[in-house]
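> the following block contains a protein sequence and its predicted model.
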Amino acid sequence: MVIPSTNTSVQEPDTSRSYDPLRESVLEDEPTVEFSAREEQLAYARTTIGVTMREGGTCKVEESVYGAAIVMPQIARTTGWDKSMTILAIRSWIFLLLNIFLQAYLLRMIAKEENVMDMFGGQMYLCDFGAFMENCPGAPGCDGPFGTDVEPPRMYSWDALISRQFTKDSLKTLFPEKVEEIDAKVDVGEYGVESYYCRLACCFIFMIPCMQELTIISKMAELIWKIPTKAEPWIRPKIYAPDEKLIGHLEEVTLKIAGMPLTWKLMNMIGVVFPKLALWKLLTETGVTFLMETAGIDDIVINSVGLTFILNLDELIGQSLMSEETVNIVSATENFDLYDEKTSCVGDVALLSETDLLDKHRETQSLKSWNLQDSLSLFPAKLIATALLTLVFVADYYACHCEAYKEGDTTRMVSVSMHAPLSVRFSWLNAFLPRFFPLEVQKEPYWEMKSPD
């Protein structure tokens with residue numbers, strides 16, 4: 001009879017094992033694989049040249065109502081317009097129309113606040129009032145909209161300013177015999193921006209997600225342009241073993257972007273891309289105007305982030321209101337390559353021998369081959385585009401709402417003369433095409449910048 005050993009002595013720890021605290025288990029040391037210098041250089045070459053070849057990028061359908069409106073009709077077309085997929089395709093366009101209406105409505109309301117309600121409240125455009133307050137009082141360009149010098153202790157928000165003005169007017173009404181004394185002793189204050197450069201910085205911050213949205217729109221248009229103009233299936237079967245059991249998961253098929261009939265290409269451009277681009281333009285114009293009209297530092301910072309809520313409304317509706325099946329189908333759709341390996345300047349990596357690949361890498365990636373294009377590539381294109389877009393829309397704000405005002409040798413931008421609207425009516429045409437359908441206003445201005453005495 002064999003009796004098991006009862007030796008309970010403590011064993012020395014095995015130093016050949018390593019402890020992974022994340023997995024809470026003892027793991028064997030992984031064998032170290034030694035690569036030759038040539039193999040490492042080949043890995044570097046494939047990575048570098050592969051990145052160069054794919055600089056055109058890929059396009060994944062946006063996981064939002066816009067992406068669903070493109071994918072689901074093509075999935076339904078592929079299945080022969082069966083009942084389930086047809087219902088999901090129709091739903092996707094219903095959510096698309098809902099999103100377009102809500103985004104447009106919110107932007108219209110913001111534009112109405114800036115162009116109608118603020119005018120009835122007696123407000124003028126902010127422009128550069130108080131922009132260079134550190135030089136005030138006494139310096140040129142310190143006159144505020146009420147004709148007095150802008151000073152930090154006397155500068156208030158518009159709501160506070162209106163309350164102070166109401167109090168002063170009430171005192172004049174109650175004591176008409178003391179109007180001159182009230183004017184001399186009751187100081188209403190002035191109105192101006194608290195930080196000129198913070199306002200510009202927040203406009204740039206707001207333009208960053210707008211630039212991302214513009215990139216999505218451009219890739220969406222490029223996708224529709226580049227895919228074949230023919231009816232190709234967007235669902236492809238996978239190869240499985242004969243005895244493998246399938247239960248109808250999306251992983252059991254391949255969902256890929258393929259050809260699209262010309263009719264659907266036109267419908268997607270007109271119904272998806274163009275509305276998305278129009279809303280983007282209205283959002284950037286309205287958003288920059290809203291930020292340029294915000295005086296307080298904390299309000300500018302908060303509003304620059306809060307405005308992106310409207311920009312992300314399509315994704316919110318897609319994730320929250322669309323069916324789980326639609327979301328999963330859009331998410332499972334494979335990327336579409338926008339680059340073309342056949343026409344790439346570096347050639348197809350798969351067709352190059354290892355020696356040719358290394359030679360190509362030395363030839364194209366050596367610092368000795370540095371040229372003007374490489375110098376220009378040091379500057380991020382999207383960063384420059386974001387800065388330029390910020391300048392364009394800020395300049396558009398000044399062109400529409402401000403005018404040059406000369407005070408001595410100093411010229412600055414002040415609000416144009418303000419005319420009250422004839423009514424609170426603000427149509428869709430007033431919001432989307434203000435240059436062609438301007439708001440009807442009274443002839444006499446309720447405020448205009450007066451020249452210094």
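Received the coordinates, thanks.

> which residues of the stretch 101-250 of the chain fall in strands?
155-156, 190-191, 235-237 (DSSP state E, counting those that start in this stretch).

> can you mark which positions in the longest one are buried?
What it means is strand 235-237. Neighbour counts over strand 235-237 (16 or more other CB atoms under 10 Å) mark residue 235 as buried. Backbone N, C-alpha and C define where each C-beta goes, glycine included.

> run the chain-centre distance for the helix or strand just after it.
Past strand 235-237, further along toward the C-terminus, the next helix or strand under DSSP states H and E is strand 253-255. On the basis of CA atoms, centre = their mean, to the nearest Å, strand 253-255 sits 31 Å off its chain's mean C-alpha point.

> in strand 253-255, what's buried?
For strand 253-255, a neighbour-count test (16+ other CB under 10 Å) marks residue 255 as buried.

> rewinding a little: adding distance to residue 123 and mean pLDDT, write the strands of the stretch 101-250 of the chain out as JSON lines.
Output for the strands of the stretch 101-250 of the chain, formatted as JSON lines (distance: least, CB to CB, whole Å; pLDDT from 0 to 100):
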{"stretch": "strand 155-156", "distance to residue 123": "13", "mean pLDDT": "86"}
{"stretch": "strand 190-191", "distance to residue 123": "8", "mean pLDDT": "89"}
{"stretch": "strand 235-237", "distance to residue 123": "57", "mean pLDDT": "88"}
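
> residue 213 is nearest to which of these?
Residue 213 lies closest, by CB to CB, to one member of the strands of the stretch 101-250 of the chain: strand 235-237, at 29.3 Å.

> in this structure residue 334 contacts residue 258, no?
No. Residue 334 is beyond contact range of residue 258, at 9.9 Å (criterion: CB atoms under 8 Å).

> quick one: secondary structure of residue 406?
strand (DSSP: H, G, I helix; E, B strand; the rest coil).

> the strands of the stretch 101-250 of the chain into a markdown table, with extra columns for distance to residue 149?
Output for the strands of the stretch 101-250 of the chain, formatted as a markdown table (distance: least, CB to CB, whole Å):
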| stretch | distance to residue 149 |
| --- | --- |
| strand 155-156 | 10 |
| strand 190-191 | 8 |
| strand 235-237 | 71 |
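
> out of the ones you listed, which is closest to residue 69?
Closest among the strands of the stretch 101-250 of the chain, using CB to CB: strand 235-237, at 17.8 Å.

> show me what the closest one is in contact with.
Contacts with strand 235-237, where a contact means CB atoms under 8 Å, 6 or more residues apart in numbering, come from 75, 78, 79, 253, 254, 255, 256.

> my read is that the last one contacts residue 234, right?
Yes. Here residue 256 reaches residue 234: they are 6.5 Å apart, a contact under CB under 8 Å.

> what do the two both touch?
With CB under 8 Å, 6+ apart as the test, residue 256 and residue 234 both reach residue 333.

> which one of these two has more residues nearby?
Between residue 256 and residue 234, residue 234 has the larger neighbour count (other CB atoms under 10 Å), namely 24 against 15.

> which ones are touching the more buried one?
Taking CB under 8 Å, 6+ apart as the test, what residue 234 contacts is 71, 74, 75, 77, 78, 255, 256, 257, 258, 333.

> make it 10 Å
71-79, 254-260, 329, 333-334 (CB atoms under 10 Å, 6 or more residues apart in numbering).

> same deal with residue 211?
Contacts for residue 211 (CB under 10 Å, 6+ apart) come out as 204, 284, 382, 383, 385, 386, 387, 388, 389, 390.

> next one: it from residue 311, what distance?
Distance of residue 211 to residue 311, computed by CB to CB, to the nearest Å: 11 Å.
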